[in-house]
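>>> Whatever this is, show me its structure:
(chains A and B)
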2 protein chains.
Amino acid sequence: MTIRIGILGYGNLGRGVECAVKHNPDMKMEAVFTRRNPAEVKVLTQGVLVYPVEEAPSMRDRIDVMILCGGSATDLPVQTPEFARLFNVVDSFDTHARIPEHFEAVDKAARESGHAGLISAGWDPGMFSLNRLYANAILPGGRDYTFWGKGVSQGHSDAVRRINGVKDARQYTIPVEAALDAVREGGNPDLSVRQKHTRECFVVAEQGADLAEIEREIVNMPNYFADYDTTVHFISQEELERDHRGIPHGGFVIRTGSTGWEDENSHVVEYSLKLDSNPEFTASVIAAYARAVYRLYKEGQTGCKTVFDIAPAYLSALGGEELRKLLL
Amino acid sequence: MTIRIGILGYGNLGRGVECAVKHNPDMKMEAVFTRRNPAEVKVLTQGVLVYPVEEAPSMRDRIDVMILCGGSATDLPVQTPEFARLFNVVDSFDTHARIPEHFEAVDKAARESGHAGLISAGWDPGMFSLNRLYANAILPGGRDYTFWGKGVSQGHSDAVRRINGVKDARQYTIPVEAALDAVREGGNPDLSVRQKHTRECFVVAEQGADLAEIEREIVNMPNYFADYDTTVHFISQEELERDHRGIPHGGFVIRTGSTGWEDENSHVVEYSLKLDSNPEFTASVIAAYARAVYRLYKEGQTGCKTVFDIAPAYLSALGGEELRKLLL
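This next block holds a predicted model:
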């Protein structure tokens, strides 16, 4: 069985999905769909064609799972329900607060059309969510901590780039080591926003710009930086290209809790990711869940799922017997 | 809905399950069964009675899930299939090499009787297995590492206690920090048994015993110690009671792998546990899977499952909507 994958949207994430498909021998890239001019989109996989998004509906028979690689702000809330009427779908919708309504919309569309869909695949939401759920189920009454980084925050980098006199910028979110250590010691510390993460900005200024003013604007920016200790470095465009090209990220999910008749024993459960490429890792999670969604569909299941609803064995290309023998 | 739990075998694990039930408001201890004289078994939960194991079959209507807390060597291979003919069951069978045959036996019994069962709940097998599976599915072509400790190994402690002139002993398995660091750096090192873990023994010798001979016997013991760097400390019985009463354990599951068209980006996925009480944490995992097994049974599912077959949401007392809102 080869799972034929379609990609809608060929940015960093779409390209990451294409690379993930290459790493999974039971999958095959079938087509890429774009809102841009297809002639201007060059994909990596030999023989795979790029189509305008309008042609997708006519290719329903050729695609087992459509992977939606647009943004969570405006693309996915429209696209995922729309495409769930035509295809099995997976997306990486990551606006945590709007997950319930997105779920409802995709669920309705998928049920009505008889498809299976999965939203919010990736690492947060995604693998981090799973680890929160498992640890919560095992240690009721415990406490959760999530730290992000060290990694590039796209939204914060964009916010810096919008400042007058800024030519380019890259922002890193960095977990505070002392806060991590305090959590791991099991003391259940109350940590403020400022105590958990710091922010570091690498800024390329336009010639003649007022650097002191740029720095002041960054560190005082409400929501984005004002609640954090922020460091600003001015560097050249060459340095930015040379030292800050990657899109690394990662983080830590920690739950502490106690057991015993009088809660006399403490436990620390920790999951962490150190990722060279945020979009490629996200895409790799998506690929595994595309396999699961296709299998559920083949079993006759329809509607919207999340990572919480998928038995882990569905993610693997190995059968149950092999999994029990090799990984249990 | 309250899930009524029965426990068979009231040692450290059985007592841990009793404590875990206390932490889960949707569960209730119903009865403890023992092969010992019930009058000599004192449980913690007010009002819960202890019965001879022979009376278990007559209490089928009072118990939703029977948790088997015996040992993997001789108890569980017989008990879990036997009780799966009468009850929904969960065990923590941990002889990795014999899991396939144990699975078959429990599956057959549970299918024939219309019950649901789950074997090998705990942390290894259990949470470590889950993390191996998820990381394998996400990063095909990567490499797995499992480290155990720092923690007490019961089997190794017993082996030391069997040596002539040894009155009591406690053995710790300790992961080598340098090996952990090498793995986390993503270099995919090949590590020998000796490079991954060291062993530390605290021994109470009988009066007049030949300490040098005891140490020689320990460090040269085949299978148990000969392949490791082992340190032996002789201490008093009082010191052993004071400093080594606990049963801590834990460990690390790490997978490293790469993504990108030419595998140009590396990733490290790490899961770790730091446990004050090995049996109580194992029992807490078992309790969560007892909830899952009962739900599957209510849905009409029968046969044997492992942690690989259970969608994470089944472990939580929260509903799907709450989970998506709070933990995704």
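>>> contacts, neighbours, all on C-alpha from now
Noted.
>>> Which strands or helices does the helix or strand containing residue A:181 pack on?
Using DSSP states H and E, residue A:181 maps to helix A:177-184. Packing partners of helix A:177-184 (3 or more C-alpha pairs under 8 Å, 6 or more residues apart in numbering or on different chains; DSSP states H and E): helix A:193-196, strand A:249-259.
>>> could these go into a markdown table alongside mean pLDDT and distance to residue B:319?
A markdown table is the format used below for those (pLDDT from 0 to 100; distance: least, C-alpha to C-alpha, whole Å):
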| stretch | mean pLDDT | distance to residue B:319 |
| --- | --- | --- |
| helix A:193-196 | 96 | 29 |
| strand A:249-259 | 98 | 20 |
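>>> Among these, which comes closest to chain B?
For chain B, the closest of the helices and strands packed on helix A:177-184 is strand A:249-259, at 6.3 Å, according to C-alpha to the nearest C-alpha.
>>> okay, the helices and strands packed on helix A:177-184, which one's buried deepest?
Scoring these by mean neighbour count under mean count of other C-alpha atoms under 10 Å in any protein chain shown gives strand A:249-259 as the most buried, with a mean of 24.
>>> returning to that earlier point: out of the helices and strands packed on helix A:177-184, which is closest to residue B:213?
strand A:249-259 (40.4 Å; C-alpha to C-alpha).
>>> Which neighbouring elements make contact with the helix or strand that that closest one is followed by?
Next helix or strand after strand A:249-259 toward the C-terminus (DSSP H and E): strand A:265-275. Other elements packing on strand A:265-275 under the criterion 3+ C-alpha pairs under 8 Å, 6+ apart are helix A:127-138, strand A:249-259, strand B:265-275.
>>> What lies in contact with the first one?
The contact list for helix A:127-138 (C-alpha atoms under 8 Å, 6 or more residues apart in numbering or on different chains) reads A:121, A:123, A:142, A:144, A:253-255, A:269, A:271, A:307-308, B:281, B:284-285, B:287-288, B:312-313, B:315-317, B:323, B:327-328.
>>> Could you do the last one as well?
By C-alpha under 8 Å, 6+ apart, the list of residues contacting strand B:265-275 from outside reads A:266-277, A:281, B:128, B:131, B:135, B:184, B:186, B:248-259, B:281.
>>> if you set the cut-off to 7 Å instead, what comes out?
When contacts are defined by C-alpha atoms under 7 Å, 6 or more residues apart in numbering or on different chains, strand B:265-275 is touched by residues A:266-277, B:131, B:135, B:184, B:186, B:248-259.
>>> can you give me the strands in chain A?
All strands of chain A, identified by DSSP state E, fall at A:3-8, A:27-34, A:49-52, A:65-68, A:88-91, A:116-118, A:143-148, A:151-152, A:166-175, A:197-205, A:229-234, A:249-259, A:265-275, A:303-305.
>>> most tightly surrounded among those?
Of the strands of chain A, strand A:116-118 is the most buried (mean count of other C-alpha under 10 Å), at a mean of 32.
>>> Tell me the helices and strands packed up against it.
Here strand A:116-118 touches strand A:88-91, helix A:278-298, strand A:303-305, going by 3 or more C-alpha pairs under 7 Å, 6 or more residues apart in numbering or on different chains; DSSP states H and E.
>>> Now do the contacts for residue A:24.
residue B:140.
>>> where's it relative to residue A:17, distance?
Between residue A:24 and residue A:17 the distance is 11 Å, computed by C-alpha to C-alpha, to the nearest Å.
>>> ok, back up a step: Serialize the helices and strands packed on helix A:177-184 to CSV and add fields for distance to residue A:161.
Formatted as CSV, those follow (distance: least, C-alpha to C-alpha, whole Å):
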stretch, distance to residue A:161
helix A:193-196, 23
strand A:249-259, 20
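>>> and these as CSV, adding distance to chain B?
Output for the helices and strands packed on helix A:177-184, formatted as CSV (distance: least, C-alpha to the nearest C-alpha, whole Å):
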stretch, distance to chain B
helix A:193-196, 19
strand A:249-259, 6
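>>> just to revisit the earlier point, any chance of TSV for the helices and strands packed on strand A:116-118, columns distance to residue A:117 and mean pLDDT?
Listed next are the helices and strands packed on strand A:116-118 as TSV, based on distance: least, C-alpha to C-alpha, whole Å; pLDDT from 0 to 100:
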stretch	distance to residue A:117	mean pLDDT
strand A:88-91	5	98
helix A:278-298	6	98
strand A:303-305	5	98
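>>> How many neighbouring residues does residue A:221 have?
15 (other C-alpha atoms under 10 Å in any protein chain shown).
>>> Check chain A for the residue nearest chain B and tell me.
Minimum separation of chain A from chain B (C-alpha to the nearest C-alpha) falls at residue A:311, amounting to 3.8 Å.
>>> Quick check: the spatially most central residue of chain A vs residue B:24, distance?
Centre of chain A computed as the mean C-alpha position; nearest residue by C-alpha atoms, centre = their mean is residue A:122, 3.9 Å away. Residue A:122 sits at a distance of 30 Å from residue B:24 (criterion: C-alpha to C-alpha).
>>> Thanks a lot, see you next time.
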